[in-house]
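# 3D, please:
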Amino acid sequence: MITEARKMEYAAQPTSEESLTIIQKYVLLRAHPRRLFLDVAALIWEVYFLWNQNWKAALGVFLAMNTVGLLAVRKINYQEFAKTTLGKMALLHLHPMNLTIQLVGATLSIYGIWWHDTLTVLTGITLLYVGHFYGWSRVHPSLKMKERSA
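You can find the predicted model right below:
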């Protein structure tokens with residue numbers, strides 16, 4: 001398992017200081033502190049509207065807050081932000097296992113909120129957190145898991 005993880009180079013680490021993919025730039029935009037605050041505020045309203053099965057209002061809040069968020073952080077220096085701890089933490093979300101598990105968790109959470117199914121919501125939220133188990137060695141080498149000796 002550890003050797004597989006080593007072999008799997010993921011998109012979270014830029015190949016050079018000058019090249020960031022569009023996905024990496026998008027993840028960095030979403031991790032900016034201004035954007036994080038807007039996303040939390042939007043999430044509260046989105047959950048409220050989804051709970052009341054008003055997907056149009058939830059989608060409207062999502063689109064409006066994403067537009068405001070993009071305007072608030074549109075001029076960041078991607079290269080410098082990617083070097084910060086917060087930037088590195090944002091990019092670890094592009095680890096394939098992290099991304100996959102969190103997408104499944106988000107989907108389950110939204111489904112559970114819509115149908116008022118508490119266990120599904122809790123399962124989805126748990127998966128969102130479990131997804132964060134992967135990619136931490138990219139934030140700082142001290143966070144790398146030790147290898148087992150055979």
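# what's the weakest-modelled helix or strand in this structure?
The weakest-scoring helix or strand in the chain, judged by mean pLDDT, DSSP states H and E, is helix 2-7 (a mean of 46).
# What is the subsequent helix or strand relative to that helix?
Sequence order places helix 22-31 as the next helix or strand after helix 2-7, per DSSP states H and E.
# Which residues does that following helix contact?
11-12, 14, 20, 35-36, 39, 69-70, 73-74, 76, 78, 81-82, 86-87, 89-91, 93-94 (C-beta atoms under 8 Å, 6 or more residues apart in numbering). Every C-beta, even on glycine, is put in place using the N, C-alpha and C of the backbone.
# pLDDT of the helix or strand following that helix, averaged?
Next helix or strand after helix 22-31 toward the C-terminus (DSSP H and E): helix 33-51. In this model, helix 33-51 has a mean pLDDT of 97.
# what's the following helix or strand after helix 33-51?
helix 55-73.
# May I see the buried residues of whichever helix or strand comes after that next one?
Per DSSP H and E, the first helix or strand lying C-terminal to helix 55-73 is helix 78-83. In terms of neighbour count (16 or more other C-beta atoms under 10 Å), helix 78-83 has its buried residues at 81-82.
# shaky segments in this structure?
In the predicted model of the chain, residues 1-18, 149-150 satisfy pLDDT under 70.
# so what's the residue most central in space within the chain up against?
Among the residues of the chain, H93 comes closest to the average C-alpha position under C-alpha atoms, centre = their mean, at 5.1 Å. Neighbouring residues of H93 by C-beta under 8 Å, 6+ apart: 12, 27, 99, 102, 131, 135.
# Would you check how far apart it and E80 are?
Computed as C-beta to C-beta, to the nearest Å, the H93 to E80 distance reads 19 Å.
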